[in-house]
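J.: predicted model and sequence follow; I will ask about them next.
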Amino acid sequence: MLDCTNHRRGFDRVLMTVAATFLTVSATAALAQDQARSSAAELAIEAAIPRPEPANVPPPTAADIKLDTTAAVPDPAKDAAKEPVKAEAVPAPDKVETKPSDVATTPAADTPKSETAKTEPAKTEPAATEPAKADTAPAAAAAAPAEPPKDVAKEPAAEPVKAASNVPAADQPVADKLKDMIGAKSTRYFDRKNERAAVEKFYGAREFAPVWTQGGSLIAAGKGVIARLKNAASDGLNPADYPVPDFAAATTPDALAEAELKLTASMLDYARQAQSGRMHWSQVSADILYPEHPTDPNEVLTKVTTAADASAALDSYNPPQKPYKDLKAKLAQLRGQGDGPVIEIADGPALKYTPARGKKQAEVVVEDPRVPQLRAKLGITENASDTRYDATVAEAVRKFQDGADIKATGILDDRTVKALNSPKRDKQIDTVLVNMERWRWLPRDLGVPSLGDAYVILNIPDYTLKVMQRGRQLWTTRVVTGKPGTHATPLLSETMKYITVNPTWNVPPSIVYNEYLPALQQDPTVLQRMGLRLEQNRDGSVHISQPPGEANALGRIRFNFPNKFLVYQHDTPDKYLFAKEDRAFSHGCMRVQNPDQYASVLLNITMPNEHYTPERIRSMYGSSEVDLKFPTPIPVNITYQTAFVDDGGKLQFRRDVYGRDATMINILKNNRGKDLENVVAHSQPSYSRPATTLPSGVAVANNGGGFGGGFNSSGPSFFERLFGAPTPPPAPIGRRPQRVFTR
């Protein structure tokens, strides 16, 4: 019974397989017959449809094969029955196109026999399966012949889509024009090679999209830059040097691109001149040497275009020092932009202050109701309502007269009153402008951060020296500077490396050959009587020096900051010169009124744990040199400030002792534009010591240190004599060598 049931179930399975096969073959035959009945015209049209060549068809994928097998039932018996039919059915469409009658010869037409249904699949499976895999690829390719060309077409189209995505469509025409103009016409807008390279790099990185506009309209960054350029006069610059294009009139891509580059060029010009100056210092004199600090156009482009406030970012290239900012505020007042009432001094009798002169003459102080207005006019805040024309008021009047090219008598006469009421604004403005310009030449960091931003600053026209630290004045003293002309004190920034106590004066070659040797022709004993030592080397050159001592021309202390001009600061035995108002008497070096105090201030900055005092410095006075070396050098800045704001907020003017103001004003008014930034080559200082023939009777020092006939070797250079060897060896203090280094 059990065996019969199992046999019945197997027979039913066979009948179901035969029925499914019959239905499939019938459908295929019907399709073939319909196709066979197609007209010849239809067949011709169908044959004319292009089909991809097998060589151009990509290999079949798993997705393609899956589409052909989705109808299969995952039953082993059914798979075995259907596999041969599937193998013949796949290539049927190709056969219909050429031989429609072959549809009736398919082996599936004989499947009504049950034996065949059960046995044929097993015998034919290996042979039928292989063709099925091979024929599936062309069948799948024929079903969708257009797909591969779509993929190929997408590849070249990917690049322009990516480029356009980074530049807004509205700005793309301007970007295209910028690319062309920067590539072919950049020299029209940027005459400096480094700026052209920076602009090309900057705009290339942003695919030449404009930076000042969007969609043809100015953005905040562009407006900020334009505002700064138009207000350049307040910074002591000339707005005409930074033309601003009219973006409102730029309505085409060409015009917008040109306006873009013009604004960028003006911005770079402003930043460069705000930081380094409208003119190079070499245009003014050979006696100026400041370190260069040019702008980096790459940094300017990045900083200004990415700043939250483009105007402030551009303004940051102006000098950051307080004296410059004070002058800027006073410039606005001189131009009528300041606040406060205009003070008028009434006419009246001349006012004169007479100081006391011992017991013979008492001090004479007159009173006048105009004096309070005079005090206010001159910026005297002390005793503002005092009507006495005392020493303080008289000195302020004298300084005003000196700055206004009036004889500095200190007497308030009619001419002085007129000048006070109608000041020469134009001249004062010009003076302030050139002083602001000179501040651009100075280093941005005047001091040393590790020493609390300490530095020394000496103002030649004011004859004063100040030691600054942490933004405030630590100490000040009077100085004597060089005579006008060939002995003018140079403007420079260097670092003071050490102090020499009991210095030897090595006479500069210019003094030796221009003054002392001619004097020897008149009096062969003059140097010996002055206590000077003359040496003549094997090459015939002459060196003159003065040993340490109280009468030494350098006094007791020399402050060394090696420089090409061979100048330094030092003490002097001629103390009386410090009482004079105009103190331009030296050969270029700077004489300090209180050198012992100056030395102790500097040493306490560099070596605070050593606790130097003026008394300790004076205790070192003797007959041998002692060098006190700074662990960290201190910057020394020699400046020329004929206009400055004093501690009381008053604008002060000083006499243009070297004519630097006049030269600069003349250069700026020549309006030579960017040519002013060019470096002018000057002849360098000469340290040569040519051979010379000494007159008879001149005492010449020999190697033994006395005076006599012989010649010495060439010896160290003058620079080494003056500032020491590059790396002088240390030695104990108690010994007798010429140089002793201590800490």
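T.: Here it is on my side, so go on.
J.: break this protein into its domains for me.
T.: Following automatic domain parsing, the chain resolves into domains at 2-148, 167-318, 334-423, 427-504+547-669+713-742.
J.: so which of those gets nearest residue 687?
T.: Go through the domains of the chain one by one with Cβ to Cβ and the one that ends up closest to residue 687 is domain 427-504+547-669+713-742, at 5.3 Å. Bear in mind the C-beta positions are built from the backbone N, C-alpha and C, glycine included.
J.: so what's the gap between that closest one and the chain middle?
T.: Remark: domain 427-504+547-669+713-742 is offset 29 Å from the chain centroid, using Cα atoms, centre = their mean, to the nearest Å.
J.: quick one: the nearest residue in space to residue 385 that is not next to it in sequence and residue 413, what's the gap?
T.: Spatial nearest neighbour of residue 385, excluding adjacent residues (Cβ to Cβ, 6 or more residues apart in numbering): residue 372 at 5.2 Å. Relative to residue 413, residue 372 is positioned 19 Å away (criterion: Cβ to Cβ, to the nearest Å).
J.: what of residue 552?
T.: As for residue 552, its distance to residue 413 is 46 Å (criterion: Cβ to Cβ).
J.: check residue 620 too.
T.: 52 Å.
J.: in the stretch 601-743 of the chain, what residue spans correspond to helices?
T.: Secondary structure of the stretch 601-743 of the chain by DSSP state H, counting those that start in this stretch: the helices cover 614-618, 660-669, 718-723.
J.: now render those helices as JSON lines, adding distance to residue 606.
T.: As requested, these are exported to JSON lines (distance: least, Cβ to Cβ, whole Å):
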{"stretch": "helix 614-618", "distance to residue 606": "14"}
{"stretch": "helix 660-669", "distance to residue 606": "32"}
{"stretch": "helix 718-723", "distance to residue 606": "18"}
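J.: and the contacts of stretch 166-179?
T.: By Cβ atoms under 8 Å, 6 or more residues apart in numbering, the residues outside stretch 166-179 that reach it are 164, 203, 206-210, 213-216, 253-254, 256-257, 260-261.
J.: run the last query once more with 6 Å
T.: Here stretch 166-179 makes contact (Cβ atoms under 6 Å, 6 or more residues apart in numbering) with 203, 207, 208, 209, 210, 215, 253, 254, 256, 257.
J.: and if you look at stretch 253-269?
T.: For stretch 253-269, the surrounding residues in contact (Cβ under 6 Å, 6+ apart) are 173-174, 177-178, 181, 189-190, 195, 210, 212, 225, 229, 242-243, 245, 247, 250, 297.
J.: just stretch 648-668 next, same as before
T.: Contacts to stretch 648-668, defined as Cβ under 6 Å, 6+ apart, come from residues 279, 283-284, 330, 379, 381, 402-403, 430-431, 434, 461-462, 484, 488, 584, 640, 642-646.
J.: tell me the buried residues within the residues you listed.
T.: Among those, the ones that count as buried by 16 or more other Cβ atoms under 10 Å are 279, 283-284, 330, 402-403, 430-431, 434, 461-462, 488, 584, 640, 642-645.
J.: mind checking how far residue 308 is from residue 220?
T.: Distance of residue 308 to residue 220, given as Cβ to Cβ: 9 Å.
J.: more neighbours: these two, which one.
T.: Remark: of residue 308 and residue 220, residue 220 carries more neighbours, 12 against 9, as counted by other Cβ atoms under 10 Å.
J.: for this protein, what are the low-confidence residue spans?
T.: When residues are selected by pLDDT under 70, those of the chain lie in 1-165, 336-342, 403, 423-424, 671-673, 702-743.
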